[in-house]
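K.L.:
Sequence and predicted structure, then a few things I'm wondering about:
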Amino acid sequence: MSDLSEEEEEAEEAEANLGEYEGERNPEGERHGRGKAFLPNGDTYDGEYEYGFRNGQGTYRFKNGACYIGKYVQNKKHGQGIFFYPDGSKYEGDWVNDQRHGHGVYTYANGDTYTGEWFNHNRHGQGTYIYKDTGAIYIGGWVNGNQEGEAELIYLNHRFRGKFLNGNPVGHGKYIFDIGCEQHGEYIQSEQDKGEVEEEEELSFLGVTKWKASEITKLTLWTPHGEKPSSPREASQVVAEAVKEGTAAGVTENDEKMPSITVTNEPADSEEDEPSPQEVPSEVFTPAKDAGEEDEGSREEEENQDQEDQETTGLEDKEDESKEAE
């Protein structure tokens, strides 16, 4: 039985039976200028060539339905381009050496969108993620595809401001409510989780965190006409009056209700349209996976990028070096 994978066998077969090419060539016989290649595995490329390599603007269509339209540099996606994935998702933005890298917009199959910075194929830097089903919006930092750093998570009628680590809120933060108040507190790891973690693993481990409220204040985002912000005591009195009026029933300054984090892509089950600070929905939504953890299209292009007809020995040597680099 052969030790080669199905992809490797297809690559060897393609190399033994190179595809067809229609287009311009230079005096050395290399593909140079405008042309169209028909690869043995069913993929096609229609675009610009330089000295035998895909170079410039082109369209690469995969047999699985994926399609890339954009810039190439020596057979690599490099520059501005759009990749349509088989699952219906799409990335439009910067590419470097076949990787999503720079600034780009990813529209996921479920309707979610990410707009922001990319590094080595991952969401990395500052970016905005919009959850289509719930309308929630995450604006903040990303590290290797995960929500991390200072951020704001915006819900329908309230928002959370604080820090995230590995996709979970951590440490001090606050919930800002449209009814006119803020709930300050922090996300802490439960005692049960702490007991199950070895001491040396504490820095890297982050299990389910819970919200612990400390105080309720008036909104502190803006003070009009130079007015002095209210003291915590005055703010508490304002909230107390609101409680009496039924706006925030059951809330006190020392309320320490600790709602648990629920990681879900579904909207939280909300009993009221206007939740009180005591009833902080603390759902954390999981971003959708990029297609190409993902899809086979990009890998197939890498495997087949050297399968096009190359007549010169020098070009074949270049292709071998490219394969080794991969």
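P.N.:
Yep, that arrived. Everything numeric in this text was worked out from a predicted model, so none of it was measured.

K.L.:
quick one: the helices in the protein?
P.N.:
Remark: helices assigned in the chain by DSSP state H are 6-16, 191-195, 232-244, 297-304, 313-325.

K.L.:
now the fourth one: mean pLDDT?
P.N.:
Think helix 297-304. In this model, helix 297-304 has an average pLDDT of 51.

K.L.:
what's across from residue 161 in the sheet?
P.N.:
residue 152, residue 174 (DSSP bridges).

K.L.:
And it, how far from residue 214?
P.N.:
15 Å (C-beta to C-beta, to the nearest Å). C-beta coordinates here come from the backbone N, C-alpha and C atoms, glycine included.

K.L.:
which of these two has more neighbours?
P.N.:
Per other C-beta atoms under 10 Å, whichever of residue 161 and residue 214 has more neighbours is residue 161, with 19 against 15.

K.L.:
Contact partners for that one?
P.N.:
Contact partners of residue 161, counting by C-beta atoms under 8 Å, 6 or more residues apart in numbering, are 151-152, 173-174, 176.

K.L.:
ChimeraX command to pick out the buried ones of these?
P.N.:
This is the ChimeraX syntax for the buried subset of the contacts of residue 161, where burial follows 16 or more other C-beta atoms under 10 Å:
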select :151,173,174,176
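
K.L.:
Columns pLDDT and distance to residue 208 on top of the contacts of residue 161, output as a markdown table?
P.N.:
Formatted as a markdown table, the contacts of residue 161 follow (pLDDT from 0 to 100; distance: C-beta to C-beta, whole Å):
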| residue | pLDDT | distance to residue 208 |
| --- | --- | --- |
| 151 | 97 | 19 |
| 152 | 97 | 21 |
| 173 | 95 | 16 |
| 174 | 94 | 20 |
| 176 | 94 | 23 |
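
K.L.:
Now for the contacts of residue 161: which two are most distant?
P.N.:
Across the contacts of residue 161, the longest distance by C-beta to C-beta is 13.6 Å; it joins 151 and 176.

K.L.:
For the stretch 51-200 of the chain, give me the ranges with low pLDDT.
P.N.:
Applying pLDDT under 70 to the stretch 51-200 of the chain flags residues 190-200.

K.L.:
whoops, I mixed them up, the stretch 201-326 of the chain
P.N.:
For the stretch 201-326 of the chain, the stretches with pLDDT under 70 are 201-207, 221-285, 291-326.

K.L.:
how does it look with 90?
P.N.:
For the stretch 201-326 of the chain, residues meeting the criterion pLDDT under 90 lie at 201-209, 213-326.

K.L.:
Neighbours of residue 97, how many?
P.N.:
A count of nearby residues for residue 97, using other C-beta under 10 Å, gives 12.

K.L.:
sorry, that was for residue 156
P.N.:
Neighbours around residue 156, by other C-beta under 10 Å: 15.

K.L.:
didn't it look like it was pressed against residue 177?
P.N.:
No. Residue 156 lies out of contact with residue 177 (C-beta atoms under 8 Å); the separation is 11.3 Å.
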